[in-house]
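Trainee: Pasting the sequence and the predicted model now:
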Amino acid sequence: MTILVTGGAGFIGSNFVLDWLASPEHRDELVVNLDALTYAGNLENLKALQGDARHVFVKGDICDRALVDRLLAEHKPRALIHFAAESHVDRSISGPGAFMKTNVEGTFTLLEAARVYWSAMGEADKAAFRFHHVSTDEVYGSLKADDPPFAETNPYEPNSPYSASKAASDHLVRAWHHTYGLPVLTSNCSNNYGPYHFPEKLIPLMIVNALAGKLLPVYGDGQQIRDWLYVKDHASAIRAVLAGGRVGEVYNVGGWNEMANIDIVKTVCALLDELHPSADGPYARLITYVKDRPGHDRRYAIDARKIERELGWRPAETFATGIRKTVQWYLDNPEWVAHVQSGSYRDWVSQQYGS
Ligand code: NAD
Ligand code: TYD
């Protein structure tokens, strides 16, 4: 059995691939991993799979239809799990073009390739095939303090170029199911954190900056709220949706853990004080309020009752256990951090994999 994963060298995709091949149900399967290795793609995340015949890495763009067609024809996957995206809101504000290209056109390309591939399958394979689209809670827009959390039925109100591009991709996935019958699944997840998180996002940025004695930039008043989920729990949620999710349905995935940004940063500082104290004093001394992000969404929160009710999924980690593991992972992996910071993780690809 084979799955085709896109974006499997990024933060969540690499955690998913490692989790998939470690899980007893899937350890004999093949994972074909299509990733363009943008700045966010890092094959060092998949070092544990080097020389492992169950993982076939293909460097390429999801917008390359001929390549996607070839991979589908050659490997005959039973599912396509689509993570590849431009994913950073701040980058989407300074350069939205890449978001439209990968998130919208890339998803369109995959849907069309999958539709043609799926249409030609035999009945049994056709019934079993799944196109799983990995999306975000940001498509629903921003909540007020006392609004209920996002349910799957919430209207879409994306506010950033990133969330608008993801919303567009969600709509395409929905339409390919409704019009062509393509067996799709969509999951909309809250903010992830954990190992291999690129240090441009809040939690890893705070950890690596604190360890380097650099300032910890908190946007605006730091009172923006996000729901946070440990990345391995996101991987298990996707496995649950793939295994038992109803075709054409959307599942919201979250950690039941709303926190203000400033409290996240203070938690990270306190853990570092405990696990890696600085001679210069508590890390919270480095917290600095900076100019707010334009159009900054105030609050995201997820109602994850549907996935629990239908599929029995709940996160295994609390924020307290997940953030401790995460901080410890960054302390234990200074080489990974150094390679990302110096940019040499990109050289590592050519050293390890040749051209
Ligand atoms: P990431 O930025 O860490 O990784 C994205 C990966 O996609 C990288 O490996 C990159 O090389 C690859 N990629 C980018 N453009 C590509 C293209 N044109 N062709 C092939 N590969 C390409 O992102 P992430 O945080 O791992 O997010 C993965 C998915 O999960 C995204 O779809 C994102 O919208 C969604 N998501 C992320 C979060 C989060 O908190 N990070 C939360 C909910 C949903
Ligand atoms: P981020 O990790 O970029 O995820 P997203 O914007 O997709 O939620 O940011 C999480 C929150 O942290 C968001 O409200 C913006 C804020 N933030 C800061 O305050 N400082 C920073 O340096 C970064 C990167 C984010």
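Mentor: Yes, it's here. Residues are numbered from 1 along each chain as shown. Ligands and ions are numbered 1, 2, ... in the order given.

Trainee: shouldn't residue 89 be in contact with residue 165?
Mentor: No. At 10.8 Å, residue 89 does not count as touching residue 165 under the criterion of C-beta atoms under 8 Å. For glycine as for every other residue, the C-beta is placed from the backbone atoms N, C-alpha and C.

Trainee: quick one: which of the two has more around it?
Mentor: residue 165 (26 against 21; other C-beta atoms under 10 Å).

Trainee: Not counting sequence-adjacent ones, nearest residue to that one?
Mentor: residue 103 (3.8 Å; C-beta to C-beta, 6 or more residues apart in numbering).

Trainee: what number of residues lie near the closest residue to residue 302 other than its chain neighbours?
Mentor: In space, and not counting its chain neighbours, residue 302 is closest to residue 254: 2.7 Å by C-beta to C-beta, 6+ apart. Neighbour count of residue 254, defined by other C-beta under 10 Å: 28.

Trainee: residues contacting residue 62?
Mentor: 6-7, 34, 36, 68, 82, 84, 102, 106-107, 109-110 (C-beta atoms under 8 Å, 6 or more residues apart in numbering).

Trainee: between those residues, which is closest to residue 173?
Mentor: Within these, proximity to residue 173 (C-beta to C-beta) peaks at residue 107, which comes in at 6.9 Å.

Trainee: Just confirm yes or no for the helix or strand where residue 92 lies near ligand 1.
Mentor: Following DSSP states H and E, one finds residue 92 within helix 89-94. No. Against ligand 1, helix 89-94 shows no contacts by C-beta under 6 Å from any ligand atom, the least distance being 9.2 Å.

Trainee: For that helix, buried residues please.
Mentor: For helix 89-94, the neighbour count (16 or more other C-beta atoms under 10 Å) marks 89, 91-93 as buried.

Trainee: where's the residue in the chain positioned nearest to ligand 1 relative to residue 165, distance?
Mentor: Closest to ligand 1 within the chain is residue 10: 2.0 Å, counting by C-beta to the nearest ligand atom. From residue 10 across to residue 165, the span is 16 Å (C-beta to C-beta, to the nearest Å).

Trainee: Also residue 223?
Mentor: Where residue 165 is concerned, residue 223 sits at a distance of 27 Å (C-beta to C-beta).

Trainee: Relative to residue 182, how far out is residue 115?
Mentor: Counting by C-beta to C-beta, the gap from residue 115 to residue 182 is 5 Å.

Trainee: Next to ligand 2, which bits of the chain? Give me the list.
Mentor: When proximity is defined as C-beta under 6 Å from any ligand atom, the chain approaches ligand 2 at 89, 191, 201-202, 205, 217-219, 224, 226, 261, 293.

Trainee: Give me the buried subset of these.
Mentor: Buried residues within the residues of the chain next to ligand 2, counting neighbours by 16+ other C-beta under 10 Å: 89, 191, 201-202, 205, 217-218, 224, 226, 261.

Trainee: For those residues, give me JSON lines that also has pLDDT and secondary structure.
Mentor: Formatted as JSON lines, these follow (pLDDT from 0 to 100; DSSP: H, G, I helix; E, B strand; the rest coil):
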{"residue": "89", "pLDDT": "97", "secondary structure": "helix"}
{"residue": "191", "pLDDT": "98", "secondary structure": "strand"}
{"residue": "201", "pLDDT": "96", "secondary structure": "coil"}
{"residue": "202", "pLDDT": "97", "secondary structure": "helix"}
{"residue": "205", "pLDDT": "96", "secondary structure": "helix"}
{"residue": "217", "pLDDT": "96", "secondary structure": "strand"}
{"residue": "218", "pLDDT": "97", "secondary structure": "strand"}
{"residue": "224", "pLDDT": "98", "secondary structure": "coil"}
{"residue": "226", "pLDDT": "98", "secondary structure": "strand"}
{"residue": "261", "pLDDT": "98", "secondary structure": "helix"}
